[in-house]
Each structure stands twice: as C-alpha cells, then as structure tokens.
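Undergrad: coords please:
(2 chains)
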Number of protein chains: 2
Amino acid sequence: MAADAFKVTVHMASSLDGVIAKRDNSVSWFGTSDHYEKGITVTEQAVAEFLKTIDCYVMGARTYEHALELSKSYGWAYGNVPVIVLTHRNLPVDRPNIEIYSGSLDMLIDRQLKPKYKNVWVVGGAALAGDFIRSNLADEIRLSVIPIILGGGLRFFDHVGDEHTLHLEEVTAHKNGVVELRYEIKKEQV
Amino acid sequence: MAADAFKVTVHMASSLDGVIAKRDNSVSWFGTSDHYEKGITVTEQAVAEFLKTIDCYVMGARTYEHALELSKSYGWAYGNVPVIVLTHRNLPVDRPNIEIYSGSLDMLIDRQLKPKYKNVWVVGGAALAGDFIRSNLADEIRLSVIPIILGGGLRFFDHVGDEHTLHLEEVTAHKNGVVELRYEIKKEQV
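TA: Below you'll find the predicted structure:
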C-alpha cells in the first residue's frame, strides 16, 4: 500500500483473552506493572509525533461517552484531531472538531473520510470495529495486547463474522509488557 | 522460576481472534502463506531439540481424538513422550506411552506429574487449558498467533473465568507471520 494512500486502521487494546472492556468499565488494568527487559520504551515525544500522523478518529457512541467521562479526569484524549461519532442518538457535542454521523459506513468513507483524510483510526467499540472489518472497510488492525487475562467482559472479536487473511506487518514489544501487533487485512476473502 | 523447577505450560495456537478450532475441525488455516521479513526461521533440528525438553503432554478427550485422526495422515504428533488424556470416557489406547486419567487436576499434578516430570505441556482443548489456568495450576502460557481472523469457532479463552496477571517472557515473530507470545502466569490474583 502506498504511503499516501487512504487507510483505515482499527486500533484496540485488549487483554490476552481479547477483552477490551471490563464489565465495570474500569480502565486501571491498562496500566501494567510488568517489566519486559527486551522491550522498547517510546518517548512521549515519539508518541506525539506518531499521533500527528492520524488525521481522523472514528468511534461508536459508547466509546465516545466513555472518552467524555475519562476526559473529566485525564483531559480529552484526541486533541484537536477531527472525531466522527457514529450513532443515531442525540449526544452532547462540546468541541468544534467532533461530528455526529448516522449514515452507512460505505457513505461515511466515500463522502466524509476519503475526500478529507489519509490516515483514519477506528478506535472502538468492538461492534463498530467489527463492522469495519466484516465490511472489508478496514485496511489495518493494530492490537495492543496487555499482559493480563481478564476472564470476562466485552470481547473485541465477538462481532467479526467472516474469515480474513492477515499479513503481519510489525511486532513491537514494550518495556511494560505490552505487545503491539500490526497486521494488514487482506481484502480478498480466504 | 528455577530452570529445574516443575512447570506446567499451556500451549495453544489460535487465530488473532482467539479461535483454536474451526467448526468443521479443519486445520489447513494453521499453514499460513504469510511472509514477515523480519521474522525468524526455526530449523527442524532446533524444533526437535526444543521438543526434547518437554517430558509429558496433557490433553482432553477431544484433542486426543483429533490427534488420533490426524495421525492417520501425518503420524502421531507427540513421539514417544508420555501423554496423559483426561477423560471419563473409555477411549482407545494403542500406544504404550498414553495413559487415560479421570481424577482431579490437583491429584493429577501431585501424584502423577510432579513425581515424574519437570516440563509438562497442556495442549488443549480450551476447556482443559482454562481449567488449569483458572485453578492456578498453570505456570506459563504460550500462544502462537496465526495471521488470520476466523470469525467463528471454538474460542480459547471462553473458559478462563478469573483475572490473572501475566509477565511477558518472550515474543518471537516467525517468517511465516506466526507470533509466539510467552507469558508467566502470576500465581497471586490481581
């Protein structure tokens, strides 16, 4: 894929057992106390540089509401980058860069995303990420595997449906035991 | 953990979405056509040397039946290493190194495994692997992630139950796109 091509990346962080949200919605398990000697440490500056390459975030209603809730304690996670919230509900919007969208994913991509953006990240929830993958609208999947088994909660992959062949693009193990797996999602079906 | 300590390793191969068996039990998806340039290639000799360190395999009834079925085409996968099959059923045993066991896991470990072996591998199925993890009887988990999304089938982690903190021990990316994640399972609960 050309570096300047339009690309949709699904990004999720999950436990080893594929859970992305605990039943009580608590997020402390994202902060691992693990230490992996051979892992890398990424500086805040490098993270900031990387995040600059993302020019639009897409998320579902509950992910948005959760981000709003977390923003009270930690600030808004998505800076000034445009955020499109997919929902039929009437949700509060108190930032200029947030847009509510209620149409189809195909139309979203053709009319809203492709004309304006290159590097779109779908950041949840599981159902929306699954919709993108199942509809062959996601080009890449990045899964950050936290070193924990949760045993219960909302599963990332409960909504994916069909088979998709993947191409491993990159594996990055971090000092804190988080392993980031990056795959290209092949567009032809198996 | 000391190198000569008794250790139980749960080993599973799964798709990125955590499926270990397709509904039709076909196994062709284990053979990936992916190519990960930065991955390593392990020689058959290195694999054989490594497998020599395993001194007992433990599996459930259906995994055993599946291995018997596969052995007709590919030969018996576990060589002359002792295999203990956990089942209450009366299954065919046509090899001297296979033993049927129907007691508790605790007793299995204390009476059958610890006195005789050092490096025990639990190779499935999902329910048995989950029983070992949930009962705090597994020390290590090795998950080989195949570069595919299957979308449906038998999930590895549907039976784990509680939370377990993990320690990332090793990440190995192979030339064929398979990523092997190795974790120590911390014995104290979160």
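Undergrad: helices or strands up against the longest helix along chain A?
TA: In chain A, taking DSSP state H as the definition, the longest helix is helix A:61-74. The contact analysis (3 or more C-beta pairs under 8 Å, 6 or more residues apart in numbering or on different chains; DSSP states H and E) places helix A:61-74 against strand A:83-86. For glycine as for every other residue, the C-beta is placed from the backbone atoms N, C-alpha and C.
Undergrad: who touches the strand it packs on?
TA: With contacts defined as C-beta atoms under 8 Å, 6 or more residues apart in numbering or on different chains, strand A:83-86 is touched by A:56-61, A:64, A:91, A:95, A:97-102, A:105, A:108, A:112-113, A:128.
Undergrad: for the longest helix of chain A, the distance to its chain's centre please.
TA: When C-alpha coordinates are averaged (C-alpha atoms, centre = their mean, to the nearest Å), helix A:61-74 and its chain have centres 14 Å apart.
Undergrad: average pLDDT for it?
TA: Helix A:61-74 carries an average pLDDT of 93.
Undergrad: likewise stretch A:106-121?
TA: Average pLDDT, stretch A:106-121: 96.
Undergrad: for stretch A:37-52, same thing?
TA: Confidence over stretch A:37-52 (mean pLDDT, whole number) is 93.
Undergrad: how about that stretch: buried residues?
TA: Using 16 or more other C-beta atoms under 10 Å in any protein chain shown as the test for burial, stretch A:37-52 gives residue A:39.
Undergrad: residue A:57 contacts residue A:78, doesn't it?
TA: Yes: the criterion here is C-beta atoms under 8 Å, and residue A:57 meets it with residue A:78 at 5.3 Å.
Undergrad: can you pull out the helices in chain A?
TA: With DSSP H as the criterion, chain A has helices at A:44-51, A:61-74, A:105-107, A:126-134.
Undergrad: run through who's touching the last one.
TA: With C-beta under 8 Å, 6+ apart as the contact definition, helix A:126-134 has outside contacts at A:8, A:10, A:12, A:20-21, A:58-60, A:63, A:86, A:105, A:122, A:137-138, A:141, A:154-162, A:164, A:185, B:149, B:151.
Undergrad: repeat that for 6 Å
TA: By C-beta atoms under 6 Å, 6 or more residues apart in numbering or on different chains, the residues outside helix A:126-134 that reach it are A:10, A:20, A:60, A:122, A:138, A:154, A:156, A:159, A:160, A:161.
Undergrad: how about the residues of chain A near chain B?
TA: The interface of chain A toward chain B, taken as C-beta under 6 Å from any C-beta of the partner chain, is made up of A:17-18, A:34, A:36, A:147-151, A:157, A:160-168, A:171, A:173, A:177, A:179.
Undergrad: if any of these are buried, give me the PyMOL selection for them.
TA: Buried residues among those (16+ other C-beta under 10 Å), as a PyMOL selection:
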select buried, chain A and resi 17+18+34+36+147+148+149+150+151+157+160+161+163+164+165+166+167+168+171+173+177+179
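Undergrad: hmm, back to that, of residue A:57 and residue A:78, which one has the most company?
TA: residue A:57 (24 against 21; other C-beta atoms under 10 Å in any protein chain shown).
Undergrad: can you get me a residue count around the nearest residue to residue A:41 once chain neighbours are set aside?
TA: The shortest distance from residue A:41 to any non-neighbouring residue, by C-beta to C-beta, 6 or more residues apart in numbering or on different chains, is to residue A:175 (4.7 Å). If you count neighbours by other C-beta under 10 Å, residue A:175 ends up with 16.
Undergrad: returning to what we had before: which of the helices of chain A sits most buried?
TA: helix A:126-134 (a mean of 21; mean count of other C-beta atoms under 10 Å in any protein chain shown).
Undergrad: mind saving the C-alpha coords of that one as CSV?
TA: Provided in CSV are the C-alpha atoms of helix A:126-134 (Å, rounded to 0.1, in the frame of the first residue of the first chain):
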residue,chain,number,x,y,z
ALA,A,126,-16.0,-3.8,19.4
ALA,A,127,-19.2,-3.7,17.4
LEU,A,128,-18.1,-0.8,15.2
ALA,A,129,-14.6,-2.2,14.7
GLY,A,130,-16.2,-5.5,13.8
ASP,A,131,-18.5,-3.7,11.3
PHE,A,132,-15.5,-2.2,9.6
ILE,A,133,-13.6,-5.5,9.4
ARG,A,134,-16.6,-7.5,8.3
